[in-house]
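# fold the following, please.
(one chain, ligands or ions: 2)
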Amino acid sequence: MDKAEARRTALAARDEAHDPERDRFAQARLRTALAPLAGRPIAGFLPIGTEIDPLPIMAELATEGPVGVPITPSLGHPLSFRAWTPETPLIDGKFGTRWPAEGDEVVPEVLIVPLVGFDRAGNRLGYGGGFYDRTLEALRAVRPTVAVGYAYAAQELEELPLEPTDQPLDAIVTEAETLRFT
Ligand SMILES: Nc1nc2c(c(=O)[nH]1)N(C=O)[C@@H](CNc1ccc(C(=O)N[C@@H](CCC(=O)O)C(=O)O)cc1)CN2
Ligand SMILES: Nc1ncnc2c1ncn2[C@@H]1O[C@H](COP(=O)(O)OP(=O)(O)OP(=O)(O)O)[C@@H](O)[C@H]1O
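Ligands and ions are numbered 1, 2, ... in the order given. I've put the predicted structure just below:
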């Protein structure tokens, strides 16, 4: 499978899996996985389309430390993250995303990473911008950084087409299980 084909397969599975009850199971797992890291600066994401929803857990974490969400730069650049709480006013951003109209930059030590597909070895397939690869590479060059992939179990693919620039995940949380790689 090439990347485009793997993306189509995983996105179709994600659309099919999208369900608020699955989100609640996954949120409970995400909370448990992140509990030991509470208080550290963390990056979440504001879901688009049929992406799994991390917002209730981000809201809880925001009472314990800074939570940021991605600001998408032009292609070829890493993401930055802007402080978010449930009350933060949002504006429309790029690629159908939204982000805070204003706010301080958050430099995360822990990232809840959206993904299109994953495999059981901790490899991740995104939308193809390479944004999270570039971002994790830059953050990891400075300090240890924990990347937690968050997705529906149905988004697992048996084999992912890999590239040398792909940054591995430290864990993957789904509604069905928590996989740890470090
Ligand atoms: N929620 C969320 N925010 C994110 C990402 C993500 O994957 N999910 N990103 C990860 O890098 C960055 C934005 N990059 C993106 C690049 C391409 C597309 C994209 O191709 N979107 C489709 C429609 C998506 C859908 O409805 O599922 C499109 O524009 O046609 C989206 C985000 C930062 N913010
Ligand atoms: N650190 C990097 N330095 C240079 N090029 C990179 C880097 N990371 C990724 N790229 C380039 O970006 C392209 C897109 O990457 P890839 O297909 O892995 O994106 P993705 O992980 O699916 O997307 P995203 O992270 O935006 O959700 C790759 O073909 C690669 O050439």
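# in three-state terms, label Arg22 for me.
helix (DSSP: H, G, I helix; E, B strand; the rest coil).
# my read: Ala6 touches Gly117, true?
Yes: Ala6 is within contact range of Gly117, at 5.7 Å (criterion: Cβ atoms under 8 Å). Glycine gets a C-beta too; all of them are placed from N, C-alpha and C.
# shared neighbours, the two?
Common neighbours of Ala6 and Gly117 (criterion: Cβ atoms under 8 Å, 6 or more residues apart in numbering): 125, 157, 160.
# from the residues you listed, which one has the minimum pLDDT?
Minimum pLDDT across the shared contacts of Ala6 and Gly117 is recorded for Leu160, with 92.
# test my guess that that one contacts Arg120.
No: counting by Cβ under 8 Å, Leu160 does not reach Arg120; the two are 10.1 Å apart.
# between the two, which is the more surrounded one?
Leu160 (19 against 13; other Cβ atoms under 10 Å).
# in the chain, which residue sits closest to ligand 1?
Residue nearest to ligand 1 within the chain: Gly49 (2.7 Å; Cβ to the nearest ligand atom).
# leaving out chain neighbours, which residue sits closest to that residue?
Spatially, and ignoring its direct neighbours in sequence, Gly49 is nearest to Gly96 (7.2 Å; Cβ to Cβ, 6 or more residues apart in numbering).
# re earlier: between Ala6 and Gly117, tell me which one has more neighbours.
Gly117 (26 against 19).
# and the pLDDT for the closest residue to the more buried one other than its chain neighbours?
What sits nearest to Gly117 in space, not counting adjacent residues and going by Cβ to Cβ, 6+ apart, is Ala10, at 3.3 Å. We have a pLDDT of 98 for Ala10.
# can you pull up the most central residue in this protein?
Centroid-nearest residue in the chain, with Cα atoms, centre = their mean: Val113, separated by 1.6 Å.
# does that one sit in a helix, a strand or a coil?
Under three-state DSSP, Val113 comes out as strand.
# please name the residues that touch the residue of the chain most remote from its centre.
Among the C-alpha atoms of the chain, the one farthest from their average position, using Cα atoms, centre = their mean, is that of Met1, at 23.2 Å. Residues in contact with Met1 (Cβ under 8 Å, 6+ apart) are 9, 157, 159, 161.
# let's see if you can find the most crowded of the residues you listed.
Busiest of the contacts of Met1 [other Cβ under 10 Å] is Leu157, holding 19 neighbours.
# what's around Ala12, how many residues?
Neighbour tally, Ala12, other Cβ under 10 Å: 11.
# the helix or strand hosting it - contacts with which helices or strands?
Element membership for Ala12 (DSSP states H and E) is helix 3-17. For helix 3-17, the packing partners by 3 or more Cβ pairs under 8 Å, 6 or more residues apart in numbering; DSSP states H and E come out as strand 117-118, strand 124-125.
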